[in-house]
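S.K.: please find the sequence and the predicted model below.
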Amino acid sequence: MNLLFMQLPLIDHGYNYTAGNIPYAPALLCSFIRNAFPQNTCSYIPMSAANIMSSGMIVEYVIKKNPDIVSFSTYLWNAEVNLFIAQQLRERKKDLTIIFGGPEIQKDSFLFEEQRPVDFFVSGEGEWFYEQILSGRDISSETCFICGNRLITQNSSRAELSVATEPFTAGMIESSKDHSIFIEMTRGCPYACCYCNYSKNSRTVRERDFNTLLKAVEDAQKRDIRSIYILSPTFNSEKDFKDKLEALAGINKKVSLHTEIRADTVDSDTAAAIKRAGFESVETGLQTLTLTARRKIGRTGDPEDEIRGIKELCNAGISVKAGIIPGLPGDTKEGICAVIDRLTDEGLGDALEIYPLMVLPGTRMREMAAGEKIAYQTKPPYLFLHGPGFGKGAISEVYAYADQKTGVTSTVSRMPDFTKDQMAKPTAGSVPEIFKGFIRGMNIDASSDCENISDYIETNLFSLFLRNCSATELIEKWIEKVSRIQQGTLFHIIAYNDVPFDDRRITLLLRHLSTDNFHARLNVHTHERFRSKILIHQVTSSARRYWSMTENYETIIPVLRLADQDAVIISCAPPRVLVPEGLYDRHSGDLAIYADFPDMIAFESADERDRFNRETGAALKETAPHTRLLFIQDGIQHHMQSETRKE
């Protein structure tokens, strides 16, 4: 039997989450199958490919591999693209067994609204399911049918983590592009917060042997691994927590550790011990200070103790992300804004992280929604829209208030990749050769036809660089072309022209062509331009024109292509700039200010971009919490990291 696993990322216009999409669940299950059922062949799509390939390319990859079974790790951010790929595979390979597993597999998920091209939907732990199916056991007692879909729910006891081979220490998984890895140390959660389904899946807490983590840290120090994210909902819940910290401090010399903890039990001595063990950052869920809301959601503990613990962690030199959630039952917009006030007044503004309230399938929050008169999205990401205490538009107002209080913005977008090695020129009659694996962008004359544009799209984020783009109509033509491509790909369209375009016409066209899709739903609380799967940029060489466009455009994003005279006058409010090849050598000192604004600068030379990142440390800041841009997405990443242990 040949099994292939895949875990696809949450995509955005800047590849921000490719670092977070480590295929830990596929690697864990492959490790388990290879040990328990060595007569089978088992593999997963490599992270470097799964994070970049378009849906069409993934289909071709699977067909080439010719597996008997293909299994999708299914989360709210990839469920729809998984379905698209599954449909394509079903049409191409009739005898293929298709399996969906993961946190999204709940009876009230949108997946079960109609019959799907999936043989098995699996709710539960992957090791349990594959042990049953590969042993040929009868699982009919665990099966029900919903709209013709076969749902298998794990009702028997959970496996001990000793059964689940840890993939990093077993050499079964690579690190992400930022040299980080995940280590699963806990399954189950002792708490039962109404917005989370993790404890519903398993209230029994099972810990992996702590020596596994010690071995992982030792292995990481011998390899080029810079950080380890410990997957545990409450890493400090064990009685021997301080003993574990001492053991880590004794061996950890250079690996940064990260995890989730409860802050209400942290005092100064504990915070110092956490720092000595190598923890550079932790996440903690404050959620709200409103006591009525905390009671309704099942959040235990004294919030004042949590704030004291957060301060102790910060005082110890640990970066803390204290999550708050606007929209909770029993809370109000005024109440959550008071939490923002309290944290900023306490000097904890940098620790503030807003997580979106998602009314997830399988949670008590979903059951409460009707009684609480909560309006939410019925498809992923299931965001809360409005309800008692939070009228229409209130969530956006909370984000804006947080921006005002913390001094950082929530509406910054990433620049396209302008480097030459990411672009290809279309060749008549054939797909151009692949540059460095995949074509991620294309140079094209704006007036050309190129009717077969979809043939060139090999990545899930694609850029069109329109040369000689002299009229708004030319941009509109390309918007209409790419809007018809229905495979989940996001687009940058970059037009080169010093003369302003008709931004209002572009805005109306994008609005007219907008469809219901995950990306639009994800960004429902942000600026309208970021809800479109197409971002429009205009590159100008005139600084005067750039500032005029910035003031007058609603949708088009201006970019200033620097000249020598521009580089020396950059102020503390820097423009969004493109650095021509050769200019960085002459003006690296002037451009150093962009170390604090890495999402506002792009380079035509990949070598100069890499030099800038090395010399300023900007590469480390690209995913650092210096901006509230990723509030909504970061909440989803948190869900991914805490749930990725299941298939």
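M.R.: Good, I have the coordinates.
S.K.: spatially nearest residue to residue 194 (excluding sequence neighbours)?
M.R.: In this structure, residue 194 finds its nearest non-sequential neighbour in residue 364, 3.9 Å apart by C-beta to C-beta, 6 or more residues apart in numbering. Where you see a C-beta, it was placed from the backbone N, CA and C, and this is true even at glycine.
S.K.: how far is stretch 277-292 from where the chain is centred?
M.R.: Stretch 277-292 sits 20 Å away from the centroid of its parent chain (C-alpha atoms, centre = their mean, to the nearest Å).
S.K.: going forward, begin numbering at 47 instead of 1
M.R.: New numbering, starting at 47: the last item is stretch 323-338.
S.K.: what residues sit buried inside that stretch?
M.R.: 323-325, 327-336 (16 or more other C-beta atoms under 10 Å).
S.K.: so which of those residues sit within strands?
M.R.: 325, 327, 328, 329, 330, 331, 332, 333 (DSSP state E).
S.K.: and which of the residues you listed is nearest to residue 145?
M.R.: residue 329 (30.9 Å; C-beta to C-beta).
S.K.: list the contacts for the closest one?
M.R.: Listed by C-beta atoms under 8 Å, 6 or more residues apart in numbering, the contact set of residue 329 reads 304, 305, 306, 307, 366, 367, 369, 399, 684.
S.K.: which among those residues count as buried?
M.R.: So, by 16+ other C-beta under 10 Å, the buried ones in the contacts of residue 329 are 304, 305, 306, 307, 366, 367, 369, 399, 684.
S.K.: and residue 342, its phi and psi?
M.R.: phi -70, psi -40 (degrees, to the nearest 10).
S.K.: okay, now it: neighbour count?
M.R.: If you count neighbours by other C-beta atoms under 10 Å, residue 342 ends up with 18.
S.K.: right, and it touches residue 375 too?
M.R.: Yes: here residue 342 reaches residue 375: they are 4.6 Å apart, a contact under C-beta atoms under 8 Å.
S.K.: what do these two both touch?
M.R.: 240, 414.
S.K.: show me the strands in the stretch 347-496 of the chain, by range?
M.R.: 365-370, 398-400, 421-422, 430-432, 469-470, 487-491 (DSSP state E, counting those that start in this stretch).
S.K.: just name the most buried of these.
M.R.: Ranked by average neighbour count under the criterion mean count of other C-beta atoms under 10 Å, those are headed by strand 398-400 at a mean of 23.
S.K.: farthest-separated two in the contacts of residue 329?
M.R.: Most distant of these, by C-beta to C-beta, are 305 and 399, 15.1 Å apart.
S.K.: how many residues are close by residue 501?
M.R.: Residue 501: 14 neighbours (other C-beta under 10 Å).
S.K.: assumed it was part of a helix.
M.R.: Yes: assessed with DSSP: H, G, I helix; E, B strand; the rest coil, residue 501 lies in a helix.
S.K.: now do the closest residue in space to residue 661 that isn't next to it in sequence, the pLDDT please.
M.R.: The shortest distance from residue 661 to any residue other than its chain neighbours is 6.8 Å, reached at residue 634 (C-beta to C-beta, 6+ apart). Note on residue 634: pLDDT of 90.
S.K.: give me the low-pLDDT residue ranges for the stretch 347-496 of the chain?
M.R.: 454-459, 467-484 (pLDDT under 70).
S.K.: A strand includes residue 191, no?
M.R.: Yes: counting by three-state DSSP, residue 191 is located in a strand.
S.K.: for it, give its distance to residue 55.
M.R.: 31 Å (C-beta to C-beta, to the nearest Å).
S.K.: the two - which one has more neighbours?
M.R.: Between residue 191 and residue 55, residue 55 has the larger neighbour count (other C-beta under 10 Å), namely 25 against 10.
S.K.: thought residue 94 was touching that one, still the case?
M.R.: No: assessed by C-beta under 8 Å, residue 55 is found out of contact with residue 94, at 11.4 Å.
S.K.: if we can go back for a sec, tell me the one among the ones in strands among the buried residues of stretch 323-338 nearest to residue 187.
M.R.: residue 331 (36.8 Å).
S.K.: for the closest one, list each beta-bridge partner.
M.R.: Residue 331 has the following beta-bridge partners by DSSP bridges: residue 369.
S.K.: for it, what are its contacts?
M.R.: 239, 306, 345, 368, 369, 401.
S.K.: against residue 280, how distant is the fourth one?
M.R.: In this case it means residue 368. 15 Å.
S.K.: can you check the second one too?
M.R.: From residue 306 over to residue 280 the distance is 7 Å, taken as C-beta to C-beta.
S.K.: cool, and the first one?
M.R.: Distance, residue 239 to residue 280, by C-beta to C-beta: 11 Å.
S.K.: and what of the fifth one?
M.R.: In this structure, residue 369 and residue 280 are 14 Å apart, going by C-beta to C-beta.
S.K.: which stretch of helix or strand covers residue 540?
M.R.: strand 536-542 (DSSP states H and E).
S.K.: I'd like the average pLDDT over the helix or strand following that strand.
M.R.: Downstream of strand 536-542, the first helix or strand assigned by DSSP H and E is helix 549-559. For helix 549-559, mean pLDDT rounds to 96.
S.K.: distance from helix 549-559 to the middle of the chain?
M.R.: That offset, for helix 549-559, works out to 28 Å (C-alpha atoms, centre = their mean).
S.K.: stretch 356-363 too?
M.R.: 27 Å.
S.K.: got the CA coordinates for the helix or strand that contains residue 611 in CSV?
M.R.: Following DSSP H and E, one finds residue 611 within helix 610-613. The C-alpha atoms that make up helix 610-613 are tabulated as CSV, following Å, rounded to 0.1, in the frame of the first residue of the first chain:
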residue,chain,number,x,y,z
ASP,A,610,19.8,58.3,-6.0
GLN,A,611,18.2,61.6,-5.0
ASP,A,612,15.3,59.9,-3.4
ALA,A,613,17.4,57.6,-1.2
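S.K.: got a list of contacts for that helix?
M.R.: 589, 606, 623, 629, 632, 633, 636, 637.
S.K.: switch to 6 Å and redo it
M.R.: Outside helix 610-613, the residues within contact range by C-beta atoms under 6 Å, 6 or more residues apart in numbering are 589, 633, 636.
S.K.: the stretch 147-296 of the chain: strands as residue ranges?
M.R.: 166-169, 189-192, 195-199, 226-230, 232-233, 252-253, 273-277.
S.K.: and residue 509, bridged to which residues?
M.R.: Beta-bridge partners, per DSSP bridges, of residue 509: residue 487, residue 538.
S.K.: now do the contacts for it.
M.R.: 462, 487, 538.
S.K.: how would you label residue 81: helix, strand or coil?
M.R.: Classified using three-state DSSP, residue 81 is helix.
S.K.: quick one on the thing from earlier: how close does the residue nearest to residue 240 sit to residue 76?
M.R.: Residue 410 is 34 Å from residue 76, by C-beta to C-beta.
S.K.: tell me which of these two has more neighbours.
M.R.: Per other C-beta under 10 Å, whichever of residue 410 and residue 76 has more neighbours is residue 76, with 26 against 19.
S.K.: how about JSON lines for the buried ones among the contacts of residue 329, with distance to residue 259 added?
M.R.: Shown next, in JSON lines, are the buried ones among the contacts of residue 329 (distance: C-beta to C-beta, whole Å):
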{"residue": "304", "distance to residue 259": "13"}
{"residue": "305", "distance to residue 259": "10"}
{"residue": "306", "distance to residue 259": "15"}
{"residue": "307", "distance to residue 259": "15"}
{"residue": "366", "distance to residue 259": "21"}
{"residue": "367", "distance to residue 259": "21"}
{"residue": "369", "distance to residue 259": "24"}
{"residue": "399", "distance to residue 259": "25"}
{"residue": "684", "distance to residue 259": "20"}
